[in-house]
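Enquirer: What would the 3D arrangement of this be:
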Amino acid sequence: MLGSGVEFYLVLIIFAIPGIALGFTVHEYCHAAVATSYGDPLPRRQGRLSLNPAAQIDPFGLLLLITVGFGFARPVMYNAIYVRRGRQRAWLAASGPLSNLVLAAALGFVAKLVIITNPWVQTCSNPSFDLPLMGFIYWFLVEAVYVNLVLFIFNLLPIPPLDGFGVAEGLFRGRHPLPFQWVELHRTGIYVALLLLVLVLPQLLGGFSPLSVPAGLAFNWIWTHVSTGAAPPIYFPNLAYLFVQGGSGLATYLLHPCLVT
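Expert: This is a model prediction of the structure:
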């Protein structure tokens, strides 16, 4: 049974890694591009104004993401001398997650073109190692859309050092400093609560993560309005698949090829 869970987990990693790498790279590049547009030379000097994944991806952060379900890329540093105004800092923070949303929509449109030209790919009801080429491409796109929506939603949480906190701080700290001071004073407790939310609560709920609700709703909306056909099932790599009965049971189903007609 463990072998089936491992198989399922490896399937998800293979299909999700390209979308994760693309999402991390574009996310951090947009942070660097916005800082540079304000005249800050630091991102360019540090090699961050680049679409090379090696410049943007933190290997440990990527490992965390595909094992426990949350991780991080290499954060882009900026010089506050150039990014002075609150609205500038807010836009700098928002540019990363917004790029993931735009990327998810663009990839959804590409998936639509794949479905229109190869309608049989929708019979590939789950990712599998045993797929025709267009089936592989279709599921790479499905996973890329989903993981970028996860990155968009997770990064907008108003918790430091996530981008959502940077957006809120840039827009509101000047007029309402006390809530931000409180968050900074209780940062450790907030991190513990976040870890419980992401790691512990899903286990108590049988593998269900509260963050999957907005991610699933966003995916269904994107698929309905940008792509075509019924929204496929969506999965995110997580070590829980090695141990949870549901993941093991799904593994045998995932290994069947789709029907090409």
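Enquirer: Quick check: the nearest residue to Glu169 once chain neighbours are set aside vs Ile17, distance?
Expert: Using C-beta to C-beta, 6 or more residues apart in numbering and skipping residues adjacent in sequence, the residue nearest Glu169 is Phe180, 5.6 Å away. C-beta: built from backbone N, CA, C; applies to glycine. Here Phe180 is placed at a distance of 36 Å from Ile17 (C-beta to C-beta, to the nearest Å).
Enquirer: what about the helices in the stretch 1-150 of the chain?
Expert: In the stretch 1-150 of the chain, the helices defined using DSSP state H, counting those that start in this stretch lie at 2-37, 42-45, 53-56, 59-67, 86-117, 133-155.
Enquirer: residue nearest the centroid of the chain?
Expert: Leu151 (2.8 Å; C-alpha atoms, centre = their mean).
Enquirer: Show the contacting residues for the closest residue in space to Arg89 that isn't next to it in sequence.
Expert: In space, Arg89 comes closest to Gly170 once its chain neighbours are excluded; the distance is 3.7 Å by C-beta to C-beta, 6+ apart. Shown in contact with Gly170 (C-beta atoms under 8 Å, 6 or more residues apart in numbering): Gly86, Arg87, Gln88, Arg89, Ala90, Trp91, Leu92, Ala93.
Enquirer: what about the last one, how many residues close to it?
Expert: Residue crowding around Ala93 was assessed by other C-beta atoms under 10 Å; the count is 25.
Enquirer: ok, now the fifth one?
Expert: Counted with other C-beta under 10 Å, the burial measure for Ala90 works out to 19 neighbours.
Enquirer: That one and Gly174 touch, don't they?
Expert: No - between Ala90 and Gly174 there is no contact under C-beta atoms under 8 Å: 10.9 Å.
Enquirer: Can you find the helix or strand in the protein with the smallest mean pLDDT?
Expert: Every helix and strand in the chain was compared by mean pLDDT, DSSP states H and E; the lowest is helix 245-254, with a mean of 46.
Enquirer: ranges for the helices of the stretch 151-261 of the chain?
Expert: Under DSSP H, counting those that start in this stretch, the stretch 151-261 of the chain gives helices at 163-172, 177-185, 187-195, 201-204, 212-225, 245-254.
Enquirer: Settle this for me: the residue nearest to the centre of the chain is touching Val102, isn't it.
Expert: No - using C-beta under 8 Å, Leu151 is not in contact with Val102, being 11.8 Å away.
Enquirer: on that earlier part again, ranking the helices of the stretch 151-261 of the chain by burial, who's on top?
Expert: helix 163-172 (a mean of 20; mean count of other C-beta atoms under 10 Å).
Enquirer: Give me the mean pLDDT for that helix.
Expert: In this model, helix 163-172 has a mean pLDDT of 90.
Enquirer: That one vs helix 133-155, what angle?
Expert: Here the directions of helix 163-172 and helix 133-155 differ by 50 degrees (axes from the mean of the first three to the mean of the last three C-alpha atoms, to 10 degrees).
Enquirer: then helix 163-172 to PDB, C-alphas only?
Expert: What follows is helix 163-172 as a C-alpha-only set of coordinates in PDB (Å, rounded to 0.1, in the frame of the first residue of the first chain):
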ATOM      1  CA  ASP A 163       3.200  39.600   0.100                       C
ATOM      2  CA  GLY A 164      -0.300  40.200   1.500                       C
ATOM      3  CA  PHE A 165       1.200  41.700   4.600                       C
ATOM      4  CA  GLY A 166       3.400  44.000   2.400                       C
ATOM      5  CA  VAL A 167       0.300  45.100   0.400                       C
ATOM      6  CA  ALA A 168      -1.700  45.900   3.500                       C
ATOM      7  CA  GLU A 169       1.300  47.600   5.200                       C
ATOM      8  CA  GLY A 170       2.000  49.800   2.100                       C
ATOM      9  CA  LEU A 171      -1.600  50.900   1.900                       C
ATOM     10  CA  PHE A 172      -2.600  51.300   5.500                       C
END
